[in-house]
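J.: What would the 3D arrangement of this be:
(one chain, ligands or ions: 1)
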Amino acid sequence: MKRTLTLVLAAGAGLACIPWLGLPAFYESFLYLVFHWMILALSWNILSGYSGYFSFGHGAFFGIGMYTTAVLGAKFDWPFLATLPFAALVPALFGLGLGFVVFRVKSVRGELFALLTLAVTFVVATIIVNTPIDGGPGIYLNTVQVPKIAPSPASALYLMVLIAAIVTLLVAWKVQNSKLGIGLFAIHDDEDVAEVMGVPTFRYKLLAFALSCGLAGVAGGIHALFVQYVTTAETFNITVPLTVVLMSVLGGTRWWGGPAIGAAAITGLLYAFTAGDHAVAGRAAVGGILVVVILFMPEGVLGTLLKKRRKPVAKEVLPGPTPAPPPRAPAVVTSRPLLEVRGLSKAFKGVQALDKVNLQVRQGEILGLLGPNGSGKSTFINVVSGHYPLSAGELVFDGQVLTGAPAHRMAQAGIARTYQIPRPFKHMTVLENVSMVAMFGCASLDAQAATREAWKWLEFTGLQDRANALPDDLNLHQRKFLELARALAARPRLVLLDEVLSGLTPGEINEAIELIRRIRDQGATIVFVEHVMRAVMALTDRIVVLNHGKLIAQGQATEVMQDSEVVSAYLGRPAHA
Ligand SMILES: Nc1ncnc2c1ncn2[C@@H]1O[C@H](COP(=O)(O)OP(=O)(O)OP(=O)(O)O)[C@@H](O)[C@H]1O
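T.: Reported below is the predicted structural model:
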């Protein structure tokens, strides 16, 4: 980490000497463009590359920055450097406002988000051109003084864009290597699961969006002074978003430095062709290279190179002792309710999946949740883990009212779950999948402690040899155990297991039963949805049975399974038949 920082700063210091080297002006103007595009591509990548929210509205935020500087500098006579913080702040606030609305709507993801951001660009352009901000003729900045920080105005512009590019590079690096970055990558792979694992997805997306917009705004502010004349037609066109997307994809969107490499390569290529009066050929060459990269290097140039050099993480190299888990309650069933739901209901369009369920889960018990297909078992787990919002009712966990709380709060309060069909983050290794939950879940560990915690649970579930594999390389048994390891790494108080045994062989089922016993022995309370009756009989202290979303029986497994209503529910006949 420190090496990266030193390297970037040393390169920056070297490049900052250029204005005093007496080189031809060409170098400064060419490098200006390289760094200008670097800022735009890197800042775009902080939201779009990391979290997968592809934005085609980067031109809008760049343009708002440009117009902020143009208006404050040319119309209000502010010194240029005083306008720059506002060139960052105004688009950042605009992004925050937009994100605040858009990120709440679950359906606005993927291509809809891209289209919406593109539409916003044209709306912003229309507002600017039809109001006194611009009014139509554009804004000249010839009265705005270039700060005298270098031998010439061109050098000063070069220096400013260089500093902004270094700051952007460091922000991109810092974000990627922080909890925020890990959360954004989880959002990229599966946003709903990320939220359930404890990632505050809404807040993280807003933060990334604001950073992305603010940095683009700075590039806009400096560029306004560079071009000296700002018009909506030149600013808010499709060129900016399209170019930054291409640059980032070429360099690699999953690597903080990728967009910088892409920006340098494309700017260099276009410049070379333009200088030789072959601009059209240049664009065609860039297009051709992109097609090749997308086909043969889907992770971009830097992504492909770094992936090959990536060393597997070995347990031995991790410094420090494995953190001692917090003291657990003894594995004794108490009468104290850990989870209490009252009148819990969940309706989907036309289907009442849960109907006024009242239920207590006692501290330390293994509670079996049974019922025929479609009776509402998975919905119960989905609602209690926050994956789905409840339609009505109350949910109290360990004395805390969590009704309507977002899923990440449920996770942080100590509720963890597995998915019936495993849903790992597919671009993260098995180890990363588990350690990120140790960071975001109830355990809330720092990165190093989380990795050590993850190794512990990988050993517990027998996955330690697959730690560096990607989830796609695991078989079903291993994927199911990865779900378990992930849930346990959160150090939860309540574990919701949704059919962890389905699809396993009899031998694997025995192994899983033993594992679940050991989980309970460590003090966790378990709600266990299962169709495999021998596992239910072997593991549960109590069972509850759902039918058509209603709780129809609860008690000891042997008694409940003889209850006439339960028998008829399973046979699909009314109790009196
Ligand atoms: N996302 C959804 N949208 C619409 N309906 C849903 C959704 N999820 C579940 N349902 C419906 O809610 C009812 C309960 O489904 P649920 O998956 O909770 O049952 P289950 O008891 O877990 O069944 P199984 O044992 O087959 O997994 C079903 O009628 C199902 O079709």
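
J.: shaky segments in the stretch 251-400 of the chain?
T.: Applying pLDDT under 70 to the stretch 251-400 of the chain flags residues 276-277, 309-312, 315-334.

J.: near the ligand, which residues of it show up?
T.: Contact residues, the stretch 251-400 of the chain versus the ligand (CB under 6 Å from any ligand atom): 348, 351, 353, 371, 373, 374, 375, 376, 377, 378, 379. Bear in mind the C-beta positions are built from the backbone N, C-alpha and C, glycine included.

J.: In helices only, show me the residues you listed.
T.: The members of those that map onto helices under DSSP state H are 377, 378, 379.

J.: Just the buried subset of these, please.
T.: Buried members of these, counted by 16 or more other CB atoms under 10 Å: 377, 378, 379.

J.: residue contacts, the last one?
T.: Listed by CB atoms under 8 Å, 6 or more residues apart in numbering, the contact partners of residue 379 are 346, 353, 354, 388, 549.

J.: Mind doing that once more with 7 Å?
T.: Neighbouring residues of residue 379 by CB atoms under 7 Å, 6 or more residues apart in numbering: 346, 353, 354, 388.

J.: now swap in residue 187 and tell me
T.: So residue 187 contacts 51, 52, 194, 199, 201, 204, 205 (CB under 7 Å, 6+ apart).

J.: hmm, 10 Å instead?
T.: Going by CB atoms under 10 Å, 6 or more residues apart in numbering, residue 187 touches 50-53, 109, 193-195, 199, 201, 204-205, 208, 425.

J.: Give me the nearest residue to it, chain neighbours excluded.
T.: residue 51 (4.5 Å; CB to CB, 6 or more residues apart in numbering).

J.: Spell out the secondary structure type for the one residue in the stretch 101-250 of the chain that gets nearest to the ligand.
T.: Residue nearest to the ligand within the stretch 101-250 of the chain (CB to the nearest ligand atom): residue 192, separated by 11.1 Å. Look at residue 192: counting by DSSP: H, G, I helix; E, B strand; the rest coil, its state is helix.

J.: Give me the neighbour count for it.
T.: As a burial measure, residue 192 scores 17 neighbours (other CB atoms under 10 Å).

J.: quick one: buried residues of the helix or strand encompassing residue 62?
T.: Taking DSSP states H and E as the criterion, the element that holds residue 62 is helix 58-70. Neighbour counts using 16+ other CB under 10 Å place 58-70 of helix 58-70 among the buried residues.

J.: same deal with stretch 470-479?
T.: Buried, per 16+ other CB under 10 Å, within stretch 470-479: 470, 471, 474, 477, 478, 479.

J.: again, but for stretch 271-281
T.: The neighbour-count check on stretch 271-281 (16+ other CB under 10 Å) flags 271, 273 as buried.

J.: contacts for it?
T.: Under CB under 10 Å, 6+ apart, the answer for stretch 271-281 is 26, 29, 30, 33, 34, 270, 282, 283, 284, 285, 286.

J.: Tabulate these (TSV), appending secondary structure and distance to residue 83.
T.: Below are those laid out as TSV (DSSP: H, G, I helix; E, B strand; the rest coil; distance: CB to CB, whole Å):
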residue	secondary structure	distance to residue 83
26	helix	28
29	helix	22
30	helix	26
33	helix	21
34	helix	24
270	helix	29
282	helix	33
283	helix	33
284	helix	38
285	helix	37
286	helix	33
